[in-house]
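Participant: how does the following fold in three dimensions:
(one chain, ligands or ions: 2)
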Amino acid sequence: MARTLNGEVDIVIPTIRSLNFLEDWRPFFEPYHLIIIQDGDPTKEIKVPEGFDYELYNRNDINRILGPKANCISFKDGACRCFGFLVSKKKFIYTIDDDCFVAKDPSGKEIDALAKHLENLTKPSTPYYFNTLYDPYREGADFVRGYPFSLRAGVPTAVSHGLWLNIPDYDAPTQLVKPLDRNTRYVHAVLTIPKGTLYPMCAMNLAFNRELIGAAMYFGIMGDGQPLGRYDDMWAGWCTKVVCDHLGYGVKTGLPYLWHSKASNPFVNLKKEYNGLFWQEEMIPFFQSVILPKKCTNAQECYLELAKQAKEKLGPVDPYFNNLADAMVTWIEAWEEFNAPAKVKNGTA
Ligand SMILES: O=c1ccn([C@@H]2O[C@H](COP(=O)(O)OP(=O)(O)O[C@H]3OC[C@H](O)[C@H](O)[C@H]3O)[C@@H](O)[C@H]2O)c(=O)[nH]1
Ligand SMILES: [Mn+2]
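Facilitator: Numbering: from 1, shown residues only. Ligands and ions are numbered 1, 2, ... in the order given. Next up, the predicted model:
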């Protein structure tokens with residue numbers, strides 16, 4: 001059972017809708033601090049249900065706080081959530097969409113998704129050698145015969161990627177041809193994604209160790225005024241996986257599940273993700289070929305190197321990638337502004 005780490009966790013929610021979904025999560029979320037990022041029209045009043053401890057930022061706040069650097073935070077795209085990662089001071093971040101609800105496991109028990117994520121993040125990962133009995137650190141499981149003892153300590157876990165029952169995270173073409181698909185399969189497993197393997201990270205039900213990988217968890221410039229949308233979490237997932245592989249951190253996927261209730265409009269989604277459908281055939285081979293130099297020893301340094309290589313290798317694909325690479329650098333500048341080690345003055349920090 002994960003320790004209650006409520007002093008070490010922020011829950012980040014991007015929203016253009018309502019926050020009534022929090023009533024479903026109240027038993028699990030009330031002890032935690034929420035960072036709500038209100039996207040779209042800042043004059044619209046967003047109601048937060050009584051009893052939650054939260055801070056709320058709209059576009060005016062982001063512009064006021066970041067000044068010219070605000071141009072690295074997307075507008076009219078769920079990617080705006082990464083502003084919450086920037087202003088948080090906590091060790092762990094859990095980010096969830098406002099159309100996601102508490103799911104039930106096959107026994108009918110409500111799933112405390114946050115507790116399971118914290119368990120995933122506070123137990124090691126095994127990226128170097130696959131354990132065929134899945135998560136060896138889970139109650140009632142272990143390493144199987146032939147698993148080297150030299151690797152059984154595992155590595156620190158940086159990302160915990162949860163899944164969704166009901167509406168699956170399909171791209172627009174798949175959603176258009178299979179509108180009635182519902183995910184009813186509850187697979188009771190947590191897997192470490194092997195080193196050297198990328199994956200399509202969805203931000204609907206995602207947790208990470210902000211101290212290890214937060215600087216690389218940037219969701220890019222998407223949405224309004226950009227030729228790309230709904231690839232925010234994909235970009236962040238590819239960047240963070242490459243950085244985790246380089247730094248020796250683990251990424252897990254699988255449990256916990258939540259219940260995803262709303263299918264967004266596939267035609268609108270097609271317009272947003274259209275370029276991504278063929279640019280991903282260039283982006284993914286780029287990330288598969290990235291080699292980060294040994295001198296990069298933390299997420300910030302790795303990320304600046306990634307920005308440099310993305311500009312070199314993907315800039316020729318489309319000028320958008322030059323802007324994205326520049327925004328990645330702006331993000332790190334903002335990150336360092338918010339996370340500079342406390343300056344020590346006459347002996348006190
Ligand atoms: O302009 C916007 C649009 C949405 N949001 C908030 O982002 C969350 C996701 O929105 P939605 O549920 O409409 O997206 P989906 O089609 O279900 O799929 C997304 O799931 C999240 C991924 O990051 C990716 O964007 C898609 O796979 C929700 O909280 C909206 O309120 C927004 O802030 N601005
Ligand atoms: Mn949704």
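Participant: what about the residue in the chain that ligand 1 sits nearest to, distance to ligand 2?
Facilitator: Closest to ligand 1 within the chain is Gly78: 2.8 Å, counting by CB to the nearest ligand atom. All C-beta atoms are positioned from the backbone trio N, CA, C, and that covers glycine. Taking CB to the ion, to the nearest Å as the measure, Gly78 falls 8 Å from ligand 2.
Participant: again with Gly146
Facilitator: 41 Å.
Participant: what do you get for Ile167?
Facilitator: Counting by CB to the ion, the gap from Ile167 to ligand 2 is 7 Å.
Participant: do Arg145 as well
Facilitator: Counting by CB to the ion - Arg145 and ligand 2 are separated by 42 Å.
Participant: surely Ala172 and Asn275 touch.
Facilitator: No. Ala172 sits out of contact with Asn275 when judged by CB atoms under 8 Å, with a separation of 12.0 Å.
Participant: which one of the two has more residues nearby?
Facilitator: Ala172 (21 against 17; other CB atoms under 10 Å).
Participant: residues in contact with the more buried one?
Facilitator: Ala172 sits next to 266-267, 269-270, 272-274 when contact means CB atoms under 8 Å, 6 or more residues apart in numbering.
Participant: quick check: which element contains Phe28?
Facilitator: Assigned by DSSP states H and E, Phe28 belongs to helix 22-29.
Participant: residues of stretch 266-277 that come out buried?
Facilitator: Going by neighbour count (16 or more other CB atoms under 10 Å), the buried part of stretch 266-277 is 266, 269-270, 272-276.
Participant: on that earlier part again, just checking, what packs against the helix holding Phe28?
Facilitator: Using 3 or more CB pairs under 8 Å, 6 or more residues apart in numbering; DSSP states H and E, the elements in contact with helix 22-29 are helix 113-122.
Participant: touching ligand 2 at all, the host helix or strand of Lys241?
Facilitator: Counting by DSSP H and E, the element that carries Lys241 is helix 232-247. No. With CB under 5 Å from the ion as the criterion, ligand 2 is not reached by helix 232-247; the gap is at least 11.7 Å.
Participant: which parts of the stretch 1-150 of the chain sit against ligand 2?
Facilitator: Residues of the stretch 1-150 of the chain lying near ligand 2 (CB under 5 Å from the ion): 97, 99.
Participant: which residue does the stretch 201-349 of the chain bring closest to ligand 2?
Facilitator: Lys262 (4.8 Å; CB to the ion).
Participant: now the chain
Facilitator: Closest point on the chain to ligand 2, by CB to the ion, is Asp99, at 4.2 Å.
Participant: grab the nearest non-local neighbour of that residue.
Facilitator: Excluding its sequence neighbours, the residue lying closest to Asp99 (CB to CB, 6 or more residues apart in numbering) is Lys262, at 3.7 Å.
Participant: quick one, phi/psi of the one you found?
Facilitator: Per-residue torsions, Lys262: phi -110, psi 130 (degrees, to the nearest 10).
Participant: what's the local residue count around it?
Facilitator: Around Lys262 there are 14 residues (other CB under 10 Å).
Participant: tell me the contacts of Asn166?
Facilitator: 182-183, 259-261.
Participant: and if you look at Lys89?
Facilitator: Lys89 neighbours (CB under 8 Å, 6+ apart): Asp10.
Participant: next one, pLDDT for it please.
Facilitator: Turning to Lys89, the model gives it a pLDDT of 97.
Participant: what of the one 5 residues further on?
Facilitator: Residue-level confidence at Tyr94 comes out at 98, pLDDT.
Participant: helix or strand for it, which one?
Facilitator: Per DSSP H and E: strand 92-96 holds Tyr94.
Participant: partner strands of the following helix or strand past that strand and their direction?
Facilitator: Counting by DSSP H and E, the element after strand 92-96 in chain order, helix or strand, is strand 100-101. Looking at strand 100-101 with DSSP bridges, its partner strands are strand 250-260 (antiparallel).
Participant: now do the strand it pairs with against strand 92-96: the angle between them, please.
Facilitator: Interaxial angle of strand 250-260 relative to strand 92-96 (axes from the mean of the first three to the mean of the last three CA atoms, to 10 degrees): 30 degrees.
Participant: does any bit of strand 250-260 sit next to ligand 1?
Facilitator: No. Remark: strand 250-260 sits outside contact range of ligand 1, by CB under 6 Å from any ligand atom, the gap being at least 6.5 Å.
Participant: tilt between that strand and helix 113-122?
Facilitator: 170 degrees.
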